[in-house]
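Chemist: predicted model, plus sequence, below.
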Amino acid sequence: MKAALHPCQSERLRALYAYEVLDMDREKDFDDIAQLTAAVCGTPIALVSLVDADRQWFKASVGFAMRETPIETSLCSHAILEDEFIEIEDTMKDPRMVDNPLCCSDPGLRFYAGALLKTADGLPIGTLCVLDHEPRSLTPLQRDTIKVLARQVMMQFEMRKALGSAAMMRQEVDHRVKNSLQSLSAFARIQQRRLQSEEAKQAVAKIMTRIDAVSTLHEYLYKTDAGSNVDLGVYLKNIVDYLAETTPPNVTMEYVPVSVEIGSQQAVSVGTLVNEFVANSFKHAFPDQRAGVVRVELAHLPAGTVSVTCSDNGIGMPPEISSQSGGLGMKIAEIACMELRCELDLKIASGGVTASIEFTPEPRPQYRR
């Protein structure tokens, strides 16, 4: 006979659908639980069964070929109307099962025992169950084991649901941060075009450099799920790739990376310095389509320090450039170096400019267990 609807059928189905597990691929975690349940109970069949509106669907199964059965033949749809655990020693002696094709066929399912899969609100969404082709009964230990393993199934469901919610929230935050940074960058560019003073234009350009560094860092953190720590080699590669899109046709970009982990705030400071140097090199180092190279190099040094060196083989930095953009650029560099607790080593020659820093990476945060 077909089971009656659960008294809280609508709420129960909403809870089931919220886990987003129906019709998904097999997963080893659930297959392992089904295998262990069958082994402990000594039954040929074990199922992680979810009771939908018009079917029961098996997230995991041992000894049962079908992925789902109609609700009319569902043994578990009867089980979810019971308390925590149900055991039917002989289905042919149970009026709910006696006319069920799965039970009265040859060989039929003559034994059923299952523990409810219940949400934190007490709504049953299915069962962890075992079946046999012969009447039988379970021991107290076997019954307790099924109940414990059923709770493990629900813990897996809850964990996946929480991770899914966190991922959605993260995507929403990422979307809003991207929009905010893009809006801020667009606003800065609009203001820059409206300004008359060259000094003010350059000031806004430095702000945009910082925005670009933060934007690149955000994208890196989002894509890699790096938390508060950053692989500086990978992050600077992203910066260099971004700058390469604006590289003049007569200039070549070179990058020499190493892998070193630093704090995200330090990464923004380094990214600001690199952005500033490369942008100035593109603008001033190679006039009249002069060919040249801009190079960014990252290296490990003794005692755990890291060096970042930016250089170009351009015309150097004439005094008038130093007094105009160089002054503000140096202030930006000074702020970044202050954040990194280091000094800027700037070498200016007729054959180019080299700027280098050495700093100690921040230690990774230590979390208490």
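Modeler: Looks like it arrived, so ask away.
Chemist: domain map for the protein?
Modeler: Per the record, the chain has its domains at 9-161, 229-359, by automatic domain parsing.
Chemist: as JSON lines, those with mean neighbour count and distance to K2 would be great.
Modeler: For the C-beta atoms, the positions are set from N, CA and C on the backbone; glycine is no exception. Formatted as JSON lines, the domains of the chain follow (neighbours: other C-beta atoms under 10 Å; distance: least, C-beta to C-beta, whole Å):
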{"stretch": "domain 9-161", "mean neighbour count": "18", "distance to K2": "5"}
{"stretch": "domain 229-359", "mean neighbour count": "17", "distance to K2": "57"}
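Chemist: among those, which comes closest to Q191?
Modeler: Counting by C-beta to C-beta, Q191 lies closest to domain 229-359 out of the domains of the chain; the figure is 16.0 Å.
Chemist: state the mean pLDDT of the closest one.
Modeler: Mean pLDDT, computed over domain 229-359, is 84.
Chemist: first-to-last residue distance for it?
Modeler: By C-alpha to C-alpha, to the nearest Å, the extent of domain 229-359 from end to end equals 16 Å.
Chemist: if we can go back for a sec, any chance of CSV for the domains of the chain, columns distance to M1?
Modeler: CSV is the format used below for those (distance: least, C-beta to C-beta, whole Å):
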stretch, distance to M1
domain 9-161, 6
domain 229-359, 60
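Chemist: of all those domains, which one is nearest R189?
Modeler: Distance to R189, taken as C-beta to C-beta, is lowest for domain 229-359 among the domains of the chain, at 13.5 Å.
Chemist: ok, which of the domains of the chain comes nearest R193?
Modeler: R193 lies closest to domain 229-359 among the domains of the chain, at 16.8 Å (C-beta to C-beta).
Chemist: any idea how far the closest one is from the chain center?
Modeler: Relative to the centre of its chain, domain 229-359 is centred 31 Å away, using C-alpha atoms, centre = their mean, to the nearest Å.
Chemist: follow-up on the earlier one: out of the domains of the chain, flag the one nearest Q192.
Modeler: Closest of these to Q192 is domain 229-359, at 13.5 Å (criterion: C-beta to C-beta).
Chemist: can you pull out the strands in the stretch 201-350 of the chain?
Modeler: Taking DSSP state E, counting those that start in this stretch, the strands of the stretch 201-350 of the chain run over residues 229-231, 251-256, 261-263, 292-300, 306-312, 344-349.
Chemist: give the other helices and strands that the third one contacts.
Modeler: Just to be clear, that refers to strand 261-263. Packing contacts for strand 261-263, counted by 3 or more C-beta pairs under 8 Å, 6 or more residues apart in numbering; DSSP states H and E, involve strand 229-231.
Chemist: now do the second one
Modeler: Helices and strands in packing contact with strand 251-256 are listed as helix 232-244, strand 292-300; criterion 3+ C-beta pairs under 8 Å, 6+ apart.
Chemist: adjacent strands (with direction) for the last one?
Modeler: Which is strand 292-300. With DSSP bridges as the test, strand 292-300 is paired with strand 251-256 (parallel), strand 306-312 (antiparallel).
Chemist: out of the ones you listed, which gets nearest to D106?
Modeler: Minimum separation from D106 across the strands paired with strand 292-300 (C-beta to C-beta) falls at strand 251-256, 72.1 Å.
Chemist: so what touches the closest one?
Modeler: Contacts to strand 251-256, defined as C-beta atoms under 8 Å, 6 or more residues apart in numbering, come from residues 236-237, 240, 243-244, 247, 278, 281-282, 286, 291-299.
Chemist: same thing with stretch 23-38?
Modeler: Stretch 23-38 has contacts (C-beta under 8 Å, 6+ apart) with 44-48, 57, 59-63, 128, 130, 145-146, 149, 152-153, 156.
Chemist: looking at the residues you listed, which are in helices?
Modeler: Residues of those located in helices (DSSP state H): 145-146, 149, 152-153, 156.
Chemist: which one among the residues you listed sits at the bottom for pLDDT?
Modeler: On pLDDT alone, Q156 ranks lowest of these, at 89.
Chemist: which ones are touching that one?
Modeler: By C-beta under 8 Å, 6+ apart, the contact list for Q156 reads 29-30.
Chemist: please work out the average pLDDT along stretch 20-37.
Modeler: For stretch 20-37, mean pLDDT rounds to 90.
Chemist: what does stretch 65-73 give?
Modeler: On average, the pLDDT along stretch 65-73 is 91.
Chemist: in this structure T305 contacts T360, no?
Modeler: Yes: counting by C-beta atoms under 8 Å, T360 is a contact partner of T305 at 5.3 Å.
Chemist: what's the closest of the helices and strands packed on strand 251-256 to E84?
Modeler: So among those, helix 232-244 is nearest, using C-beta to C-beta, at 50.3 Å.
Chemist: which other helices and strands contact the closest one?
Modeler: Judged by 3+ C-beta pairs under 8 Å, 6+ apart, the packing partners of helix 232-244 are helix 198-224, strand 251-256, helix 264-280, strand 292-300.
Chemist: rerun that using 6 Å as the cut-off
Modeler: Identification of packing neighbours for helix 232-244 by 3 or more C-beta pairs under 6 Å, 6 or more residues apart in numbering; DSSP states H and E yields helix 198-224, helix 264-280.
Chemist: fine by me, thanks again.
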